[in-house]
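Colleague: structural data only, the sequence is not supplied:
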């Protein structure tokens with residue numbers, strides 16, 4: 001009886017102990033929340049070029065020649081994947097924030113955001129999705145491919 005109690009206590013303690021061999025989840029930098037909020041493309045939201053650049057840099061992305069942003073030293077976790085690159089574009093009549101991701105399924109990401117309309121104009125092998133949030137805001141979830149070096153992309157487009 002005493003041996004059974006000892007074994008039960010040992011097994012209970014073992015089950016309660018944290019698994020030290022399990023991989024630690026990627027911890028997103030504090031600036032990732034701001035970047036995620038901008039990419040969510042909510043009705044009425046807005047950003048300037050400087051604000052978008054600040055969000056990209058706060059998330060751990062560095063500006064590279066040519067104007068793209070890429071992770072500098074460590075991977076940047078976003079939407080369950082990692083950022084391969086990003087860019088911001090502000091032109092007359094339109095601005096956009098675009099992030100390319102690896103390890104994310106475009107279909108799953110679109111479903112999570114209720115972006116269900118297939119973008120018939122997207123030139124992608126797998127379906128890409130688009131959602132008009134309001135008259136000014138459009139959210140794009142784009143399927144990537146191995147050749148391009150990303151698995152999905154997210155774009156918030158705001159017209160003026």
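Modeller: Looks like it came in fine. Everything quoted here is computed from the prediction, not taken from an experiment. Numbering: from 1, shown residues only.

Colleague: after the helix or strand of the chain with the lowest mean pLDDT, heading C-terminal, what element do we hit next?
Modeller: Sorting the helices and strands of the chain by mean pLDDT, DSSP states H and E puts helix 2-16 at the bottom, at a mean of 35. As assigned by DSSP states H and E, the chain's next helix or strand after helix 2-16 is helix 32-40.

Colleague: quick one: mean pLDDT for that following helix?
Modeller: Mean pLDDT, helix 32-40: 93.

Colleague: gap between that helix and the chain center?
Modeller: 8 Å (C-alpha atoms, centre = their mean, to the nearest Å).

Colleague: and if you look at stretch 131-141?
Modeller: With C-alpha atoms, centre = their mean as the basis, the distance from the averaged C-alpha position of stretch 131-141 to the chain average is 17 Å.

Colleague: tell me the buried residues in that stretch?
Modeller: Buried residues in stretch 131-141, counted by 16 or more other C-beta atoms under 10 Å: 131, 133, 136, 137, 138, 139, 140, 141. For glycine as for every other residue, the C-beta is placed from the backbone atoms N, C-alpha and C.

Colleague: max pairwise distance over those: which two?
Modeller: The largest separation in the buried residues of stretch 131-141, counting by C-beta to C-beta, is between 136 and 141 at 18.3 Å.

Colleague: thinking again about what came up before, identify, from the buried residues of stretch 131-141, the entry nearest to residue 86.
Modeller: Minimum separation from residue 86 among the buried residues of stretch 131-141 (C-beta to C-beta) is found for residue 140, which lies at 13.8 Å.

Colleague: is the closest one bridged to anything, and to what?
Modeller: Partner residues in beta bridges with residue 140: residue 130, residue 155, with DSSP bridges as the criterion.

Colleague: separation between it and residue 54?
Modeller: 22 Å (C-beta to C-beta, to the nearest Å).
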